[in-house]
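Q: structure for the following, please:
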Amino acid sequence: MRYDPSKYETVEARLKRLHQTSPGVSVHTEIVWHDAEFKSVCFKASLMEDGIRIATGFAYDWKAKDKGATTTNWVETAETSAVGRA
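A: Numbers count the residues shown, from 1 in each chain. Sure, this is the predicted structure:
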């Protein structure tokens, strides 16, 4: 299946839809790995319902990967990506 950017749903929109359809689901994030200099990080996001993990997502990012959002917000970008993947 080819990626179609016109059909992309933002993480914000996905979270709103999740909470509308499943109000008992919560999102938990954690750093599962980072390098010694904290220049790269891996996040795990878990969707929890009644104390049971129902989905997970992982994302890895590093400082100054490109000239976009990751230049200064690379940790946030990794966490948001993990949530979107969960």
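Q: quick one, what contacts residue 29?
A: 43, 44, 45, 46, 79, 82, 83 (C-beta atoms under 8 Å, 6 or more residues apart in numbering). No exception for glycine: its C-beta is placed from N, CA and C like everyone else's.
Q: and if we set it to 7 Å?
A: 43, 44, 45, 79, 82, 83 (C-beta atoms under 7 Å, 6 or more residues apart in numbering).
Q: can you add secondary structure and give these back as CSV?
A: Shown next, in CSV, are the contacts of residue 29 (DSSP: H, G, I helix; E, B strand; the rest coil):
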residue, secondary structure
43, strand
44, strand
45, strand
79, helix
82, helix
83, helix
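Q: which of those lies closest to residue 19?
A: The nearest member of the contacts of residue 29 to residue 19, counting by C-beta to C-beta, is residue 83 at 12.4 Å.
Q: and that closest one, how many neighbours does it have?
A: Using other C-beta atoms under 10 Å, residue 83 is surrounded by 22 other residues.
Q: okay, and the beta partners of the closest residue to it other than its chain neighbours?
A: Nearest non-adjacent residue to residue 83, counting by C-beta to C-beta, 6 or more residues apart in numbering: residue 45, 4.4 Å away. Under DSSP bridges, the beta-bridge partners of residue 45 are residue 29, residue 57.
Q: show me which residues of the helix or strand of the chain with the lowest mean pLDDT are buried.
A: Using mean pLDDT, DSSP states H and E, the weakest-scoring helix or strand in the chain turns out to be helix 70-85, at a mean of 89. With burial defined by 16 or more other C-beta atoms under 10 Å, the residues of helix 70-85 counted as buried are 70, 74, 75, 77, 78, 79, 80, 81, 82, 83, 84.
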